[in-house]
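**Student:** Any chance you can model this:
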Amino acid sequence: MKMAYIPDETRYTNGMNYAMCGESGLKLPKISLGLWHNFGDADDYKKCKAIVHCAFDHGITYFDLANNYGPPPGAAEENFGKIVKDSLYAYRDELIISTKAGHTMWKGPYGDGSSRKNLMASLNQSLKRLQLDYVDIFYSHRYDGITPIEETMQALIDIVKSGKALYAGISKYPPHLAEQAYKILEAQGVHCLIHQDRYNLFSRNVENGVLETTDLNGIGFCAFSPLAQGLLTDKYLNGIPVDSRASRNGSLKKEQLTQETIGIIRQLNEIALERGENLAQLALGWLLKDPRVTTVLVGASSVNQLINNLGTLSSPELSPEDLKRIRSIVGDVSPSSIK
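**Tutor:** Residues are numbered from 1 along each chain as shown. So this is what the prediction gives:
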């Protein structure tokens, strides 16, 4: 007989820290679980469920999705929806579940972009796949460069006011457009909760305005790809392992792993070892040092990998000397092609 899942009763006292998300009343865990990879139809469902359960047992309450996560697109939402229905529905009020729309999802002129048509249709589809009545956060996944920003923001406003999402967020908007988005939402009584963007030691574009504008406008910030798709771990210290993402030449390409990049990774790893941690924990700790970063999204292909990432919460605080050494290694310009 299958044993019912019972969450760890110490999940809110066993090491997770929470931060207010901008000037809202919502707290988010400092480390959250992103389902961009590892939750598609080709992945082991039992392993996916174990990762989600482990996350919740360790105080992770925020689970981040998008309509196109898979593969195939939509699969991550379907699989997560099954997990919630099977074992977490009784704890729905303890969960923050987000999804997004904006990248290509279906054929034709309406399956992509930032239009009202796309956002409304996408969210309705997402809710069906997730088997939920609402999501906690709905994001405009990107600015498409065509749709008037007023149209996109009005769609988010109407979605929040309809109850299909509790909060609105944006992702990957450049600073000047983000400012416009914040003002349009605020004018109609819908505060933008959070801005999500890529941020890691190799990709620091958000330091050129995004973090500043979120802070000035009372918006939370969520960092995705904090480990540069695995580059900022000990996985690539000695080349490309056979079972790695780079070996499959998918979203991380072999040509991105240059000698320059490997050299940087090795130097950062030396600092991590001196501090009694591993490279992934150092990279996550470097992000979490900034009070403007509300939460960091980690992916995980196993329970052990997730637990390792959570270890950064008990690592010693980065000293001014540590930060100076790290900055001298990574420099002010990211290595070419690294994300």
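
**Student:** the helices in this protein, which residues?
**Tutor:** For the chain, the helices defined by DSSP state H cover 45-57, 75-83, 116-130, 149-162, 175-187, 210-216, 259-274, 279-288, 303-310, 320-330.

**Student:** List the contacts of the longest one.
**Tutor:** It stands for helix 259-274. 201-202, 231-232, 234, 236-237, 239, 278-279, 281-283, 322, 325-326, 329-330, 335, 338 (Cβ atoms under 8 Å, 6 or more residues apart in numbering). To be clear about C-beta, it is placed using only N, CA and C from the backbone, and glycine gets the same treatment.

**Student:** If we use 10 Å, what do you get?
**Tutor:** Helix 259-274 has contacts (Cβ atoms under 10 Å, 6 or more residues apart in numbering) with 201-202, 228, 231-240, 257-258, 277-283, 285-286, 315, 318, 321-322, 325-326, 328-331, 334-338.

**Student:** the inter-axis angle of that helix versus helix 279-288?
**Tutor:** 90 degrees (axes from the mean of the first three to the mean of the last three Cα atoms, to 10 degrees).

**Student:** next one: the second one
**Tutor:** Computed by the same axes, to 10 degrees, the angle separating helix 75-83 from helix 279-288 equals 90 degrees.

**Student:** mind saving the C-alpha coords of helix 75-83 as PDB?
**Tutor:** What follows is helix 75-83 as a C-alpha-only set of coordinates in PDB (Å, rounded to 0.1, in the frame of the first residue of the first chain):
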ATOM      1  CA  ALA A  75       4.800  18.900 -19.500                       C
ATOM      2  CA  ALA A  76       6.300  20.600 -16.400                       C
ATOM      3  CA  GLU A  77       3.000  22.100 -15.500                       C
ATOM      4  CA  GLU A  78       1.200  18.800 -16.000                       C
ATOM      5  CA  ASN A  79       3.700  16.900 -13.900                       C
ATOM      6  CA  PHE A  80       3.700  19.500 -11.100                       C
ATOM      7  CA  GLY A  81      -0.100  19.600 -11.200                       C
ATOM      8  CA  LYS A  82      -0.200  15.800 -10.600                       C
ATOM      9  CA  ILE A  83       2.300  16.100  -7.700                       C
END
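
**Student:** picking up where we left off before, and Asn38, which of the helices of the chain is closest to it?
**Tutor:** Minimum separation from Asn38 across these (Cβ to Cβ) falls at helix 45-57, 7.0 Å.

**Student:** give me the number of residues near His37?
**Tutor:** Using other Cβ atoms under 10 Å, His37 has 19 other residues around it.

**Student:** er, Asp112 I mean
**Tutor:** The number of residues packed near Asp112 is 19, by other Cβ under 10 Å.

**Student:** for Glu9, same thing?
**Tutor:** Close neighbours of Glu9, defined as other Cβ under 10 Å, add up to 9.

**Student:** check contacts around it.
**Tutor:** Taking Cβ under 10 Å, 6+ apart as the criterion, Glu9 is in contact with Asp57.

**Student:** From Val303, how far off is Tyr236?
**Tutor:** 22 Å (Cβ to Cβ, to the nearest Å).

**Student:** cool, and Met120?
**Tutor:** From Met120 over to Val303 the distance is 37 Å, taken as Cβ to Cβ.

**Student:** and what of Lys235?
**Tutor:** For Lys235, the distance to Val303 (Cβ to Cβ) stands at 17 Å.
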